[in-house]
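>>> Okay, here's the prediction I keep looking at, along with the sequence it came from:
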Amino acid sequence: MKLFGLKILSPFVYVIAAILLHVPALLLAQTSKQAEQWQREHDEKKEEKRSLEEQRNTIIQKEQGVLQKLQEIESKLATNERELARYQQEIENHTLEAAELQRGLGELLSQDKEQKKRAIKRIRAIYKLGYNKEDEHFLRILFGAQDMQDLVEKYKYMGVIAEADQDMLKEIQLRQEEIAQKSTEIVHQIQLAKEAEKAKQDERLLLLVQERKRQQLLHKYRTEKGTHNQAIRELNAAVALLGDRLGIVSDARLAEQAETIKSIRPALFGKLPWPVVGVVVPNQTATDRGLTIQTKKGTPVRCVADGLVSNIEYIFGHGNTIFVMHGNGYISVYAHLSGTSVKRGDTVQAKQMLGTVGETGSLIGPVLNFQLWQYPKPNAPPKPLNTRRWLTRKMD
């Protein structure tokens, strides 16, 4: 069909054309909405992850508090056991001592009884029959004295014998009283030791109850920590996935990728190449880590080992700084750069150029501050390493 010389197309063709013209716009709008939704989800997941990490850190603090209390309880239990053993030994010693005293008292009672029998028998013999059955009567003994001196001597000897018997009986009686008093004291000491032992046993039971409650609390916190760690891992995966969709490289994904590299390990101690050639000078401040190398501005700064660029930022006092992860928890740091030739998320090789020496953040001219750090374990703060000893002895 033609109108004024122009070919008129079917209305269906115009509809199709209009739809095709609107499809890119619709797709673009849909993609934009999808990106916005992903961004919202990404931000929500990051916030949820941050909140969970705070909760987990609180649980870790509580766990450490419980562990400290458990250590204190263990120390008290150990002290309690030593004191219990001491009191039990005291009870045993006092019991043996009391038994020994009872045996001594029994022997003294026996001796006393026997001595009394002998004394009574002797007194009777003196006053009735003399010293034995063959002796004469007491009066006859006295009257049988040859003279007055003999009479006085015999009377004196018989008095001495009677007095000695009385002294012996008194001595035995005093010894009995002494042993009885000592036995009473020992029984009292045994009683005190048993009371102390009972108090320590009660204290031990209380400590054991406290320990059991702390163990239950520790189990609860560790279970909660495990649950939070699992949730954080899942959120890390979700944030990383959303970050990939949005073109954002997450810290978790970078750390995961870096752990596959493992370019720095203990076997390379003292064998890493120098990042630049220059003169080692004192660090700019006493708090600076690593070592500072003075060289010409614009000198290429090279990576000491294969790795992954985890961050590039300007840090006060350090200027432009690049962080490279090498796996096994190792991180190398390059500061005071004038320019950078890599970006966050880049995979780099050993001796690859990262940037150039500059004096950003430097008070001592063009220098490179180079540092090595290591995370000893996940969720633990990094530790600075002795950077100089990781490098080769010869600078080249």
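Ah, there it is.
>>> pLDDT score for Asp112?
pLDDT recorded at Asp112 is 69.
>>> before we move on, what about Thr295?
95.
>>> residues contacting it?
Residues in contact with Thr295 (C-beta atoms under 8 Å, 6 or more residues apart in numbering) are Val276, Val277, Gly278, Val279, Val357, Pro366, Val367, Leu368. From N, CA and C alone the C-beta is placed, and that goes for glycine too.
>>> Just read off the phi/psi values of it.
Taking degrees, to the nearest 10, you get phi -160, psi -180 for the backbone angles of Thr295.
>>> Torsion angles phi and psi at Ile259?
Not Ile; residue 259 is Glu. The phi/psi pair for Glu259 (degrees, to the nearest 10) is phi -70, psi -20.
>>> begin at 2 from here
All set: I'll call the first residue 2, so the last point we hit is now Glu260.
>>> What is the neighbour count of it?
Using other C-beta atoms under 10 Å, Glu260 is surrounded by 14 other residues.
>>> could you redo the contacts of Thr296 as a markdown table and give each row pLDDT and neighbour count?
Converted to a markdown table, the contacts of Thr296 look like this (pLDDT from 0 to 100; neighbours: other C-beta atoms under 10 Å):
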| residue | pLDDT | neighbour count |
| --- | --- | --- |
| Val277 | 96 | 19 |
| Val278 | 95 | 13 |
| Gly279 | 95 | 18 |
| Val280 | 95 | 10 |
| Val358 | 97 | 26 |
| Pro367 | 96 | 20 |
| Val368 | 96 | 27 |
| Leu369 | 96 | 25 |
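>>> How much space separates Gln231 from Thr357?
Gln231 sits 44 Å away from Thr357, going by C-beta to C-beta, to the nearest Å.
>>> And Arg119, by the same measure?
119 Å.
>>> The two: which is more packed in?
Thr357 (20 against 12).
>>> quick check, distance from the helix or strand hosting that one to the centre of its chain.
Assessed by DSSP states H and E, Thr357 sits inside strand 354-358. Here strand 354-358 is found 43 Å from its chain centre; the criterion is C-alpha atoms, centre = their mean, to the nearest Å.
>>> cool, and stretch 384-396?
Computed by C-alpha atoms, centre = their mean, the chain-centroid distance of stretch 384-396 equals 31 Å.
>>> Any buried residues in that stretch, and which?
By neighbour count with 16 or more other C-beta atoms under 10 Å, stretch 384-396 contains the buried residues Leu386, Thr388, Trp391, Leu392.
>>> again with stretch 199-209
Counting neighbours by 16+ other C-beta under 10 Å, one finds that the buried residues in stretch 199-209 are Lys201, Glu204, Arg205, Leu208.
>>> Relative to Asp252, which of those residues is nearest.
Leu208 (44.7 Å; C-beta to C-beta).
>>> Give me the distance between the closest one and Ala197.
For Leu208, the distance to Ala197 equals 16 Å [C-beta to C-beta].
>>> One more: Lys118?
With C-beta to C-beta as the criterion, Lys118 and Ala197 are 45 Å apart.
>>> Identify each buried residue in the lengthiest strand in the chain, please.
Counting residues, the longest strand found in the chain (DSSP state E) is strand 331-341. The neighbour-count check on strand 331-341 (16+ other C-beta under 10 Å) flags Tyr331, Ile332, Ser333, Val334, Tyr335, Ala336, His337, Leu338, Ser339, Thr341 as buried.
>>> Pull the most distant pair out of these.
Tyr331 and Ser339 (25.6 Å).
>>> ok, back up a step: pairing partners for the longest strand of the chain, with directions?
Its sheet considered, strand 331-341 pairs with strand 320-328 (antiparallel), strand 354-358 (antiparallel), strand 368-375 (antiparallel) by DSSP bridges.
>>> on that earlier part again, can you tell me which of the buried residues of stretch 384-396 comes closest to Lys297?
Leu392 (19.8 Å).
>>> in the sheet, who's paired with that closest one?
Judged by DSSP bridges, the bridge partners of Leu392 are Leu273.
>>> For Val277, see how far away it is.
When Leu392 is compared with Val277 (using C-beta to C-beta), they lie 11 Å apart.
>>> try Gln103
Applying C-beta to C-beta to Gln103 and Val277 gives a distance of 92 Å.
>>> One more: Gly271?
18 Å.
>>> for Lys195, same thing?
Distance, Lys195 to Val277, using C-beta to C-beta: 78 Å.
>>> Lys352 too?
Applying C-beta to C-beta to Lys352 and Val277 gives a distance of 11 Å.
>>> and for these two, which residues touch both?
Counting by C-beta under 8 Å, 6+ apart, the contacts common to Lys352 and Val277 are Arg303.
>>> ok, back up a step: switch the strands paired with strand 331-341 over to JSON lines; also include distance to Arg213.
As requested, the strands paired with strand 331-341 are exported to JSON lines (distance: least, C-beta to C-beta, whole Å):
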{"stretch": "strand 320-328", "distance to Arg213": "43"}
{"stretch": "strand 354-358", "distance to Arg213": "56"}
{"stretch": "strand 368-375", "distance to Arg213": "39"}
